[in-house]
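Enquirer: 3D model of this:
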Amino acid sequence: MELDSFMAAHSAEWDRLGELATRRRRLSGSEADELVMLYQRTATHLSMVQSAAPDPALVSRLSSLVATGRAAVTGASGASWDDVTHVVRRSFPVAVWRARWWWISVGAATALVAFTIGAWISHNPDVVATISSPEGLKALVDQDFADYYSSNPAGSFAFKVWTNNAWVATLALVGGALLCVPGIYILWQNALNLGLVGGLMAYSGRLDLFFGLITPHGLLELTAVFVAGGAGIRLGWQIVAPGPRPRSVALAEEGRSTLTIALGLVVVLLVSGVVEAFVTPSGLPTWARIGIGAVVWIAFLSYVVVLGRRGVAEGDLGDVSDRAAITETLPYAG
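Expert: Presented below is the predicted three-dimensional model:
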C-alpha cells in the first residue's frame, strides 16, 4: 500500500465522517445514511492500514474516527445480547483463527513430546520400574485409570473437570503472556503427563483402554489447552518482537484478542467437561464414545475455520471490546 496516495484518496471521506459524527444538530435521513456508509468505509480503511501499512499516526487517527463514528451510529450502550452474539459469531472464532499457527504449533509440539516420552517409557522396563512399583502399575492399569472417570456423580464430576481444565488453560495462557517461558513450561508438564501415563499403559499392553478413555473428551479439551497456550505465547512474543507496530499498540491489540479467546474457552472447556463426565465413562461402545468426541471436536474446528476465516477476510480483529473493524451492514435511517 502506498500510504500517501491512500491518504490523498480518502482524506475527504474521513473529514466528512468526523464532521457528521460530531455534529450537534439532528442529522437528516440522507446524512444519517451517509454517516453509516462513511463509518463502514473508514472501518475497512483502518483494517487495511493495520494489516498492510500500520503507520502509528494514521492508525491512531482512523481508530479515533471509527470510535466516534460508532458512537454516533449506535449510541452509547452497555453489554447486551447483541454483544454476546457478536463474540460468539465473530470475535472468538476470528481471534482463534488469527492465532491458528501458534496453537497448531503448540499442539504438534505437545504431541511429539508426549509420543517420544511414551515410546521411551514403554520400551524401557528399567524406566518403568523407577516410575512405579509392579503393584502400583497393576492398580493403574486395572482400576485407577478407568475409575477416575466414574469416581463421582457425573454432574459434580463435570464441574470439577471444567474448573480444573479452565485453571490449566488459564495458567497456559497467562504463562505464555509472561515472556513465553512459563507458558512453555506448563505445556511441557502437560505433554510429560500425557506421555508418562500413555507410556505406562502401552508397556502394560493397554493402549486400547488409554485411547478409548482419553480420546472422547481429550480431542476438544487438549485443543482448548493448545489454543490457550498458543494465544498466550503469541501475546508474550509481542513484547519480544512487536513487528512494525509500536510495542504498546501490538500489546493492546493482541491483548484484547487474547481476552476474547479466554472468554470463549470457558464455554469450550465446559463442553469438553460435559463429554468427559457423561460420555467417556458411559456404557457405550468405544467406537461410539470416540465418535461423539470426534463430532464435537470437528464441529468446533469447523466453527473456527468457517466463521474465523470469514471474519478475518472482512477485517475483524477478534477484539472483544472494539467492533471498529466490522464491516457488516448496519441499519440505515429514513
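Enquirer: for the rest of this, base every contact and every neighbour count on C-alpha atoms.
Expert: OK.
Enquirer: how about the helices in the stretch 51-200 of the chain?
Expert: 56-74, 81-86, 92-98, 100-122, 125-131, 134-139, 145-147, 154-177, 181-203 (DSSP state H, counting those that start in this stretch).
Enquirer: Gly318 is in contact with Val88, isn't it?
Expert: No. When contacts are counted by Cα atoms under 8 Å, Gly318 is not listed as touching Val88 (10.4 Å).
Enquirer: which one's more surrounded, the two?
Expert: Gly318 (32 against 17; other Cα atoms under 10 Å).
Enquirer: assign the more buried one to helix, strand or coil.
Expert: Recorded secondary structure, Gly318: coil (DSSP: H, G, I helix; E, B strand; the rest coil).
Enquirer: need the contact list for it.
Expert: Residues near Gly318 by Cα atoms under 8 Å, 6 or more residues apart in numbering: Arg90, Ser91, Phe92, Pro93, Val94, Ala95, Arg256, Ser257, Thr260.
Enquirer: one more time with 10 Å, if that's ok
Expert: Each residue near Gly318 by Cα atoms under 10 Å, 6 or more residues apart in numbering is listed here: 86-87, 90-98, 253-254, 256-261, 308, 311-312, 325-326.
Enquirer: and if you look at Gly136?
Expert: Here Gly136 is in contact with Asp142, Asp144 (Cα under 10 Å, 6+ apart).
Enquirer: what about it, distance to Ala129?
Expert: The spacing between Gly136 and Ala129, counted by Cα to Cα, to the nearest Å, is 10 Å.
Enquirer: Val168 contacts Ala228, doesn't it?
Expert: Yes. Val168 is in contact with Ala228 according to Cα atoms under 10 Å; the separation is 9.1 Å.
Enquirer: overlap of the contact sets of the two?
Expert: With Cα under 10 Å, 6+ apart, Val168 and Ala228 have common neighbours Val174.
Enquirer: more neighbours: which of these two?
Expert: Taking other Cα under 10 Å, Val168 and Ala228 do not tie; Ala228 has more neighbours (32 against 18).
Enquirer: gap between that one and Val266?
Expert: From Ala228 to Val266 the distance is 11 Å (Cα to Cα).
Enquirer: please apply the same query to Val66.
Expert: According to Cα to Cα, Val66 stands 30 Å off from Val266.
Enquirer: got it, and Val168?
Expert: On the measure of Cα to Cα, Val168 and Val266 end up 11 Å apart.
Enquirer: mutual contacts of those two, please.
Expert: Common neighbours of Val168 and Val266 (Cα under 10 Å, 6+ apart) are Trp162.
Enquirer: hey, what's in contact with both of Gly318 and Val88?
Expert: Between them, Gly318 and Val88 share these contacting residues under Cα under 10 Å, 6+ apart: Val94, Thr260.
Enquirer: so, low pLDDT: which residues of this protein?
Expert: Within the chain, the stretches with pLDDT under 70 are 1, 53-54, 74-83, 151-152, 156-157, 176-177, 179, 319-334.
Enquirer: how is it divided into domains?
Expert: Using automatic domain parsing, the domains assigned to the chain come out as 3-76, 89-313.
Enquirer: return the most buried member of these.
Expert: Across the domains of the chain, averaging neighbours per residue (mean count of other Cα atoms under 10 Å) puts domain 89-313 on top, at a mean of 19.
Enquirer: quick one: the host helix or strand of Asp33 to chain centroid distance?
Expert: Using DSSP states H and E, Asp33 falls within helix 29-52. Centroid separation for helix 29-52 versus its chain: 28 Å, with Cα atoms, centre = their mean, to the nearest Å.
Enquirer: that helix - contacts with which helices or strands?
Expert: Contact here means 3 or more Cα pairs under 10 Å, 6 or more residues apart in numbering; DSSP states H and E; on that basis helix 29-52 packs against helix 3-21, helix 56-74.
Enquirer: wait, which of those is closest to Gly291?
Expert: The minimum distance between Gly291 and the helices and strands packed on helix 29-52 falls on helix 56-74, with 44.7 Å, by Cα to Cα.
Enquirer: what angle separates the closest one from helix 29-52?
Expert: 150 degrees (axes from the mean of the first three to the mean of the last three Cα atoms, to 10 degrees).
Enquirer: relative orientation of helix 56-74 and helix 3-21 in degrees?
Expert: Using the same axes, to 10 degrees, helix 56-74 lies at 30 degrees relative to helix 3-21.
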